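Participant: With the sequence up front, the predicted model follows.
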Amino acid sequence: MQPDFRDESDDEDTHYGPFSSLHIPAGLVHNLDLEDDFDLEDDNPGDSESQECDNDISPPIQHAHTPTKVEAVLHYMNTLGLNLPLFLDLLSWGDPECITNHKVRYERSALMVSEELPSIIERWHKPPRTTRSTHKRAQGAKPALERFAFSCVGDVVEGELEGIMSKDLSTEGLTGLFVEDLLLKLSSPGFGGTPKLWSLLVRLTQTPKQKKLNKEKIPDLVILAIICQVLYSRSHHNNRFAKMITSFLRSQGTPAKSIDLLRAFGLTMSHQWSVRALRTISENEMQTVREMVHRLPFVITHDNINIPFRVFSQRIDNQSHFDSGTASTIFFQPNAPPEPPLCNRTLQEYRAQGRKTPLTVLEIYELAQVAAPGQYERDIFQVLRYLIDSPEFDFATYTNKDHEIFTPPTPLNQLPTGERYVTRQFMLGTEHLEEASYDGNINVIMAIFHQLLLDSEEQLKQTGLYRVFVWIGDQLTSARLRGLFNFRAQDRNAFDRLDWLVPMFGWFHLLMAFANSLHKQYLGTTAGRGLMHAFTVLERKGLNTVQTRGPFHQNLHDAIYHVAEAHFRACWKVVGEVDKLEDLRSQTPEQLLALAGQIVQNLASSRAVDSIDSQPEDRRDQAFRNSVLWNHDVLRYVDLYEATRSGDVGIMEATLPHLAFRFAGGRNSNYLTEVLELLQCLRHDWPPALSDFVRRRCWLVNMTGRPHNFLPLDKRQEYNIKSLKHLETQFRSLWRGVSHTDPSKERDVQRLEESYISSNVHSEEEGRTLRTKTDEVKDIVTSGAVTLGTKKTIAHWWQRRDLVRATTEMW
């Protein structure tokens, strides 16, 4: 019978003495045949190394009599003057001879890489209970292992944190920092980050249950903030994250006390730092701009800005208020191919010659006629896009999706893209000057010259005689600058006469005027099928009347796009004689192209409108006429907007005659004047080099160099005025999620499409009338074309601008 070695307590550590001898029953060692199981003696001390390697191969573990074998090993160790702690210490690099001994080294390496080692350590940390035991669990090595593990984790984390370095303060250091990049660097191995600390915090910041249910919190951002706080606490040089947050809060007008409170928690820099930092960056950037204006062509824009001033102690002369100022920006393309310098004298010669060749209405008609074929081709492609972009058609699985008809038409004058053509902007200092008046604008110009160090007598003379500056603004700014140019025509020298100035409107504000014109023309009532009906069906609030502030223009633009898409999807079903767009997948590309041509000719052309208007009044279908006229007009808006995004300035220029007709018919005299001025300058008043420069550098900018990333220059200026857009983009994730996208338009478009199909507005019904006279739509484009040809609109415009300009140079 084998002796019973079971302990009455689970806590064997309380009864075990490492130096006490074990009583082994007589015959136990003999019965275990230790000479077979263990190498007790070295019978051949002179064997070669190959024989030692053979002896190192351990026999398979025999599970029979395991407790007695373990006890025998412990007894034998005791006879050698060893105990288990001392044995493990010597085995684990605790003795120089054991470190180099071949047998010990082999067995030690086997232990370190064995599959059993993790489970051994785990059981040391949490010994298992004996079966059916009611005693408390043995403590094992839990205290020692936890102290050791804590020390190891601390060393590993500290090693990772030591590898994080910050960068010096600069504009690139702030605007070149992206939250996504920080997340990737800190969480991923191989980027010099803190992947082990990140993994530890991932486990600590969310439970398995919370991970499944969480829809609002963003643990990655919490972890990022924790790590950055730790880095900042270790060294104030690790402050890029804190600098970015501080700059963002400053841009949002956060009070100084709030910033300093967050600094105490390691989240931000101090408010004093933010003031010094922005001043330092501004001075460094201004020095760069002053150097660049002397060697590179540039464009300047300015616009008004309203700034809130809040006070905490009210007095008669210390009250919270809004104040007006002017923000200005200067744009360069520093890496683009060199430009020939714009010649001031040549410009004056062309201007003088241009007085003899005023723009005529026949020229505008001819330009419209030349532009028509290209517009027709693009309209067909746009109608085709409405089909292939619809989820119902599923273009990705269409058999002939690679056919050439699905390739966009050739651009008329495409701006180049790539790193060489990235636009670089510099925001100049905000001036406490209003720019609504003539005096205000000239004061702003001189203030900008002062910032650029172009206001010395010598520099002013150089500007007046040799330089040409293109100045962009909204319609009011452009009109004020042009007014100054005319009022000063007889001043004593070229600078005072503003001979060097080329004022121009921005295309973003012109697009806003275009959208407002469509709003006025097609608003109607909820009883009709105009924009008011669409706003009601889509529950779009705040669009009933034109507004100049807030998100009105963006909301109106979205609504125009959605209404247009719904109309043309309905047209595809009518012309294709199908109930679902997916039924058109059976058509060949050539058949789809033919259907698109039918839609443009019969449901979206001026010829179709004229055909309806030629019918007797009692037989006309007014609802059908409205839909055809809308389709025709909205295609010009979509065409122009897409051209500003893709950078096709040829399309933008080709749209000018249509814009002249629209603004003339819609009685928008301000933008009619802007369009006439631009046509006159491009065709008569500007030398070819300046015309080309204006097209390529002054209408659109591309801040990334990527295709379809162009922006009207004045829209870029609006972004600059509203906020530090880069920082706002980075931190928008805190309240909108890490990746924010616009909500899907599909349900809105489908609802409108169903409404138009049920109303049958794209099929002609003889004698159909509208419920109210307000829903009748006037063809203001045709009306404007007639107005320009029959009335004295152009003559009056020319009379206001045809001024003799002096040529004296008295300095």
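Facilitator: Structure received. Numbering: from 1, shown residues only.
Participant: which intervals of the stretch 351-500 of the chain have sub-threshold pLDDT?
Facilitator: By pLDDT under 70, the stretch 351-500 of the chain has no low-scoring segment.
Participant: Recalculate using a threshold of 90.
Facilitator: 427-436 (pLDDT under 90).
Participant: where along it do the strands fall?
Facilitator: 424-427, 469-473 (DSSP state E, counting those that start in this stretch).
Participant: What is the neighbour count of residue 198?
Facilitator: When neighbours are counted by other CB atoms under 10 Å, residue 198 registers 20. For the C-beta atoms, the positions are set from N, CA and C on the backbone; glycine is no exception.
Participant: out of the strands of the stretch 351-500 of the chain, which comes closest to residue 486?
Facilitator: The closest of those to residue 486 is strand 469-473. By CB to CB, the value is 14.9 Å.
Participant: other SSEs contacting that closest one?
Facilitator: strand 299-309, helix 475-487, strand 501-505, helix 713-722 (3 or more CB pairs under 8 Å, 6 or more residues apart in numbering; DSSP states H and E).
Participant: Kindly format the C-alpha coordinates of that strand as PDB.
Facilitator: This file holds the C-alpha atoms of strand 469-473, laid out as PDB (Å, rounded to 0.1, in the frame of the first residue of the first chain):
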ATOM      1  CA  PHE A 469      -2.300  93.000 -57.700                       C
ATOM      2  CA  VAL A 470      -5.500  90.900 -58.100                       C
ATOM      3  CA  TRP A 471      -7.900  91.600 -55.200                       C
ATOM      4  CA  ILE A 472     -10.800  89.200 -54.600                       C
ATOM      5  CA  GLY A 473     -13.900  89.800 -52.400                       C
END
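Participant: quick one on the thing from earlier: turn the strands of the stretch 351-500 of the chain into CSV, columns for distance to residue 192 and mean neighbour count.
Facilitator: Shown next, in CSV, are the strands of the stretch 351-500 of the chain (distance: least, CB to CB, whole Å; neighbours: other CB atoms under 10 Å):
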stretch, distance to residue 192, mean neighbour count
strand 424-427, 29, 18
strand 469-473, 43, 24
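Participant: thinking again about what came up before, quick check: which of the helices and strands packed on strand 469-473 is buried the most?
Facilitator: strand 501-505 (a mean of 24; mean count of other CB atoms under 10 Å).
Participant: ok, and what's touching the helix or strand just after that strand?
Facilitator: Later in the chain than strand 501-505, the nearest helix or strand by DSSP states H and E is helix 507-522. By CB atoms under 8 Å, 6 or more residues apart in numbering, the residues outside helix 507-522 that reach it are 474-475, 530-531, 543, 546, 553, 556-557, 560, 626, 630, 633-634, 637, 640-641, 644, 652, 659, 662-663, 666, 668, 671, 674, 699-700, 711-715, 718, 777-778, 780.
Participant: go with 6 Å
Facilitator: Identification of contacts with helix 507-522 by CB atoms under 6 Å, 6 or more residues apart in numbering yields 474-475, 530-531, 546, 553, 556-557, 630, 637, 644, 662, 666, 671, 699, 712, 714-715, 777, 780.
Participant: same thing with stretch 399-419?
Facilitator: Applying CB under 6 Å, 6+ apart, the external contacts of stretch 399-419 come out as 377-378, 381, 395, 589, 593, 647-651, 705, 707.
Participant: Quickly note the distance from residue 508 to residue 580.
Facilitator: For residue 508, the distance to residue 580 equals 38 Å [CB to CB, to the nearest Å].
Participant: Of the two, which one has the most company?
Facilitator: Shown here are residue 508 and residue 580; by other CB under 10 Å, residue 508 has more neighbours (19 against 11).
Participant: shaky segments in the stretch 201-350 of the chain?
Facilitator: Checking the stretch 201-350 of the chain against pLDDT under 90 turns up 201-260, 262-285, 303-327, 337-342.
Participant: run the last query once more with 50
Facilitator: In the prediction, the stretch 201-350 of the chain carries no residues with pLDDT under 50.
Participant: in it, which spans are strands?
Facilitator: In the stretch 201-350 of the chain, the strands defined using DSSP E, counting those that start in this stretch lie at 299-309, 321-332.
Participant: Any idea which of these gets closest to residue 282?
Facilitator: strand 321-332 (13.3 Å).
Participant: which helices and strands does that closest one pack with?
Facilitator: With contacts defined as 3 or more CB pairs under 6 Å, 6 or more residues apart in numbering; DSSP states H and E, the packing partners of strand 321-332 are strand 299-309, strand 424-427, helix 713-722.
Participant: on that earlier part again, redo the strands of the stretch 351-500 of the chain as a markdown table? Include distance to residue 759.
Facilitator: Formatted as a markdown table, the strands of the stretch 351-500 of the chain follow (distance: least, CB to CB, whole Å):
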| stretch | distance to residue 759 |
| --- | --- |
| strand 424-427 | 48 |
| strand 469-473 | 43 |
